[in-house]
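**Student:** Have a look at this fold, sequence not included:
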């Protein structure tokens, strides 16, 4: 059983600096390209419809691991990076925040002219998904961002977010067209796997009944509409704490990168030249690409790849981030040429980490791990929205 669902996030009014936005776009494209290469374009939609995977992707990109800004920032980065390659990848991303969300219908109609898909049907799907979450579900959240992600196969996913001024939180809603049979009867819950169900054609006469149903339940008890199987509720605290992370999984990654040096298994990984810190990031990125749904129940763990723009759990290590992107891009380029050894090596990383977990007992102090990352951040070009990371005082004395 797999499902889409919703995520509750604390409101966050920060911004994404240019230096991070550019890297988010590059890493996002590399992740999408890898998924398309290994699992197909429709798998991208399945991943985006999973709130836990989406949160993990945002964390590995260097965004604040739990804030509302992760939604608009990740989707904005993906749209900028993926759409120039839409014809090749078969993935189209429409909409966005505010006025850009209202451009979704026009974007879908233009895409339909290129792909031959039913543009009117797609526009109705987009409008109805927004209508359900904004009107039919009376939960106090008003939508302000709407992204419609389309595959050239005709399948689609929706990632949209509403804001509640009263609770000072945002709620993100995820949709997936696979096996969707109704827009008004538990639309956020569905069965994964082969598409053996019927996708409701909103251009059909049945669409009138569905639209009337949306309006009828608008004033009713919303409980029926809120039976999401999967709901992610993020804590109010901004820092990353031990309780937010599966310490066994994180410990295995740190062990893999820091204690078992890459030279011990270079022949297996074909990733010569990578230092332990880049290997740590690459292992977490590999899991985002190749991991199964059960691996994303602790999204905060993925912030240990590239930190966070506000310094939680530590500043974004620019040099490591760039090297990770370079390795992924190189692997993708070679895979397209039929040389898949490096791409397979990256896939193998997450398998090695999972194997290590079986007999692994965490013994490192969580706070000490974060402190070490912060102390070493300046070595890796660490950076936050507040500026560049500086060496600890004792290290500065040594430098002089």
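**Tutor:** Yep, that arrived. Predicted model, so just to flag it, every value in this text is computed and none were measured.

**Student:** Quick one: residues contacting residue 251.
**Tutor:** 360, 362-364 (Cβ atoms under 8 Å, 6 or more residues apart in numbering). For every residue, glycine as well, the C-beta is placed using N, CA and C.

**Student:** try 10 Å this time
**Tutor:** Applying Cβ atoms under 10 Å, 6 or more residues apart in numbering to residue 251 gives the contacts 245, 356-357, 360-364, 366, 369.

**Student:** Look up how far residue 304 lies from it.
**Tutor:** Noted for residue 251: a distance of 11 Å to residue 304, by Cβ to Cβ, to the nearest Å.

**Student:** Touching the strand or helix carrying residue 383 from outside, list them.
**Tutor:** Assigned by DSSP states H and E, residue 383 belongs to strand 382-384. Contacts to strand 382-384, defined as Cβ under 10 Å, 6+ apart, come from residues 17, 19-20, 62, 307-312, 314-321, 373-377, 388-391.

**Student:** Okay, and which of the contacts of residue 251 map to helices?
**Tutor:** 356-357, 366, 369 (DSSP state H).

**Student:** and which of the residues you listed is nearest residue 142?
**Tutor:** residue 366 (37.6 Å; Cβ to Cβ).

**Student:** ok, now which ones touch the closest residue to that closest one other than its chain neighbours?
**Tutor:** Sequence neighbours aside, residue 242 is the residue nearest to residue 366 in space, at 4.1 Å (criterion: Cβ to Cβ, 6 or more residues apart in numbering). Counting by Cβ under 10 Å, 6+ apart, residue 242 touches 250, 300, 362, 365-367, 369-370.

**Student:** Could you measure from residue 242 over to residue 369?
**Tutor:** Distance from residue 242 to residue 369, by Cβ to Cβ: 10 Å.

**Student:** joint contacts of these two?
**Tutor:** residue 250.

**Student:** if we can go back for a sec, give me the buried entries from the contacts of strand 382-384.
**Tutor:** Listed as buried from the contacts of strand 382-384 are 20, 62, 307-312, 314-318, 320-321, 373-377, 389, 391; burial here means 16 or more other Cβ atoms under 10 Å.

**Student:** Okay, and which of those residues map to helices?
**Tutor:** Per DSSP H, the subset of the buried ones among the contacts of strand 382-384 in helices is 20, 318, 320-321, 373-376.

**Student:** Let me have these in a markdown table, adding distance to residue 113 and pLDDT as columns.
**Tutor:** Putting these into a markdown table (distance: Cβ to Cβ, whole Å; pLDDT from 0 to 100) gives the following:
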| residue | distance to residue 113 | pLDDT |
| --- | --- | --- |
| 20 | 35 | 96 |
| 318 | 41 | 97 |
| 320 | 42 | 96 |
| 321 | 38 | 97 |
| 373 | 49 | 94 |
| 374 | 51 | 95 |
| 375 | 55 | 95 |
| 376 | 52 | 95 |
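
**Student:** Out of those residues, the closest to residue 296 would be?
**Tutor:** residue 321 (20.6 Å).

**Student:** is it true that that closest one touches residue 24?
**Tutor:** Yes - counting by Cβ atoms under 10 Å, residue 321 sits close enough to residue 24 to count as a contact (9.4 Å).

**Student:** For residue 95, see how far away the residue nearest to residue 284 when sequence neighbours are not counted is.
**Tutor:** Residue nearest to residue 284 in three dimensions, not counting chain neighbours: residue 305, with 3.9 Å by Cβ to Cβ, 6+ apart. From residue 305 over to residue 95 the distance is 27 Å, taken as Cβ to Cβ.

**Student:** What is the nearest of the ones in helices among the contacts of residue 251 to residue 294?
**Tutor:** Using Cβ to Cβ, residue 357 is the member of the ones in helices among the contacts of residue 251 that lies nearest residue 294, at 12.3 Å.

**Student:** Okay, now the unreliable bits of the stretch 251-400 of the chain?
**Tutor:** For the stretch 251-400 of the chain, applying pLDDT under 70 flags the ranges 259-273, 394-400.

**Student:** show me where it has strands.
**Tutor:** 316-317, 382-384, 387-388 (DSSP state E, counting those that start in this stretch).

**Student:** Mind listing the strands the second one pairs with, and their directions?
**Tutor:** Here strand 382-384 has these sheet partners by DSSP bridges: strand 316-317 (antiparallel), strand 387-388 (antiparallel).

**Student:** In three-state terms, label residue 146 for me.
**Tutor:** Per DSSP: H, G, I helix; E, B strand; the rest coil, the local secondary structure of residue 146 is strand.

**Student:** if I read this right, it contacts residue 173, doesn't it?
**Tutor:** Yes - the criterion here is Cβ under 10 Å, and residue 146 meets it with residue 173 at 9.4 Å.

**Student:** Can you work out which residues contact both of those two?
**Tutor:** Contacts common to residue 146 and residue 173, judged by Cβ under 10 Å, 6+ apart, are 129-130, 133-134, 158-162.

**Student:** closest to residue 343 among those?
**Tutor:** residue 159 (26.9 Å).

**Student:** Provide the strand pairings for the helix or strand containing that closest one, with the direction of each partner.
**Tutor:** Assigned by DSSP H and E, residue 159 falls within strand 156-164. Take DSSP bridges as the rule and strand 156-164 pairs in its sheet with strand 142-151 (antiparallel), strand 169-176 (antiparallel).

**Student:** Identify each buried residue in stretch 340-356, please.
**Tutor:** Per 16+ other Cβ under 10 Å, stretch 340-356 contains these buried residues: 342-343, 345-350, 352-354, 356.

**Student:** Okay, and which of those map to helices?
**Tutor:** In this view, the buried residues of stretch 340-356 that belong to helices under DSSP H are 342-343, 345-350, 352-354, 356.

**Student:** Alright, that wraps it up for me.
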